[in-house]
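[1] Sequence first, then the predicted structure:
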Amino acid sequence: MTDTAGGIVISLPRGALTVLPDGATTRLCIESPDTAALQLARDMLAERLRDHGLEPDWREDLAGRQPGNQSRATVLAADRISPSYSRVVIEGADLARFDPDGLHFRLLLGPDGAGWPETDAAGATVWPGGMTAWHRPVYTVRSIETTGAGTRIAFDVFRHDGGRVTAWCDRVRPGDTVALTGPGGGSLPAPCGWIGLVGDETAMPVMARALQALPAQTRGQAALFVPTPGDIQHIAHPDGVTLRWVMRGTGETPLQALRALDLPGADRHVFFAGHKPDAQAARAWLAEQGLDKTEFSAAAYWS
């Protein structure tokens, strides 16, 4: 937060909120670099104001619009590509914002019969049935390409018994409409001389995308965990990066695979992703090995 002539500016994750006196009232101005970021800022501000019993008088009525961080898309395919994974392909006119850095998105699965979220007069998102009634799992953009109809995105779903998205994958059909929000949730590792990648079953899609994006001269090691040999995928990656597939149930754990990496002393980055307790332990261990915060990331993909 910084003071300006006559007011204050509050920094937001992607944008800024300027608060200015305006006679007997207070004027608020939200600025963000794109419609998705602006929507997140509006939602956050509306929630904070309502927590304090305040209802602002907005300059324009924005009720009934599609939220700026939400996209609608058409399902092109939903196929079971291996024993433990399904691949869903969607296409939409406004999915281009996920390319090239849109790593993750949230799939919106609402209550039966509910319409899609829309904005209220303040431009904030209204969730039919309430936000807690919606399942909003995070998925990785496995691939993205421009088509004549807009942008096509593929994402892989790790299947598990009782999973809501597993059941959705089995019933969704080509031509169905889906909604998603994003992008969000981090980015791929920056280019470096040596890369270490370790991911469990839920992280396999993001690890696959990271491997495919590596510059050709990159060296390193990757260990990807899957439930069965039938889940092994062909993933393009630099010749200097060794890719090892580990089957669950053979005794090795993701943390053991992490500790087995042959870490160089510099020009390096380690990306670990998996169960929340494992991610926490990975952060601690990597820091103990002398890696600073720019040299590793450890993401919790489930808990």
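    Now that the structure is in, tell me what you want to look at.
[2] and the next element down the chain from the one helix or strand in the chain whose mean pLDDT sits lowest?
    The weakest-scoring helix or strand in the chain, judged by mean pLDDT, DSSP states H and E, is strand 2-4 (a mean of 72). Following strand 2-4 in sequence order, the next helix or strand is strand 7-12 (DSSP states H and E).
[3] Please point out which parts of that next one sit buried.
    Within strand 7-12, the residues scored as buried using 16 or more other C-beta atoms under 10 Å are 7, 9, 12. For the C-beta atoms, the positions are set from N, CA and C on the backbone; glycine is no exception.
[4] What residues does the first one make contact with?
    Pointing back at residue 7 there. 18-21 (C-beta atoms under 8 Å, 6 or more residues apart in numbering).
[5] Give me the contact list for the longest strand seen in the chain.
    Looking across the chain with DSSP state E, the single longest strand is strand 70-82. With C-beta under 8 Å, 6+ apart as the test, strand 70-82 has contacts from 39, 66, 86-92, 94-95, 108, 116-117, 125, 152-153, 156, 159, 169, 172-181, 228, 230-233.
[6] do stretch 255-265 as well
    Here stretch 255-265 makes contact (C-beta under 8 Å, 6+ apart) with 193-194, 196, 198, 221, 223, 225, 244, 246, 270, 272, 278, 281-282, 285-286, 289, 291.
[7] how about the helices of this structure, start to end?
    Listed in chain order, the helices of the chain (DSSP state H) span 35-51, 164-171, 204-213, 254-259, 276-288.
[8] ranking the ones you listed by burial, who's on top?
    With neighbours defined by mean count of other C-beta atoms under 10 Å, none of the helices of the chain is more surrounded on average than helix 204-213, at a mean of 22.
[9] Residue 138 pairs with what?
    Under DSSP bridges, the beta-bridge partners of residue 138 are residue 106.
[10] which residues touch it?
    104-106, 185.
[11] ok so, going back, how about the longest strand of the chain: buried residues?
    Of the residues in strand 70-82, 70-76, 78, 82 count as buried by neighbour count, 16+ other C-beta under 10 Å.
[12] Now do that strand against helix 164-171, angle only.
    Here strand 70-82 runs at an angle of 80 degrees relative to helix 164-171 (axes from the mean of the first three to the mean of the last three C-alpha atoms, to 10 degrees).
[13] going forward, begin numbering at 98 instead of 1
    Okay, residue one is now 98; in that scheme the one you just asked about reads as strand 167-179.
[14] Neighbouring strands - and their directions - for strand 167-179?
    In its sheet, and by DSSP bridges, strand 167-179 pairs with strand 182-189 (antiparallel), strand 274-281 (antiparallel).
[15] got any ranges where the protein has weak pLDDT?
    Residue ranges of the chain with pLDDT under 70: 98, 101-102.
[16] Name the residue closest to the centre of it, please.
    With distances taken as C-alpha atoms, centre = their mean, the chain has residue 201 as the residue nearest its mean C-alpha position (2.3 Å).
[17] nearest residue to it other than its sequence neighbours?
    Spatial nearest neighbour of residue 201, excluding adjacent residues (C-beta to C-beta, 6 or more residues apart in numbering): residue 282 at 3.6 Å.
[18] from what I can see that neighbour touches residue 198, true?
    No: applying C-beta atoms under 8 Å as the test, residue 282 and residue 198 come out as separate, 11.1 Å apart.
[19] With neighbour numbers in mind, choose between these two.
    Each of residue 282 and residue 198 has its neighbours counted (other C-beta atoms under 10 Å); residue 282 has more, 15 against 11.
[20] can you tell me how far that one sits from residue 270?
    28 Å (C-beta to C-beta, to the nearest Å).
[21] Next: residue 331.
    Taking C-beta to C-beta, one finds residue 331 at 27 Å from residue 270.
[22] Roughly how far does residue 317 sit from residue 285?
    Distance, residue 317 to residue 285, by C-beta to C-beta: 14 Å.
[23] Ignore what I typed, I meant residue 175.
    25 Å.
[24] And residue 181, by the same measure?
    In this view, residue 181 and residue 285 are 23 Å apart by C-beta to C-beta.
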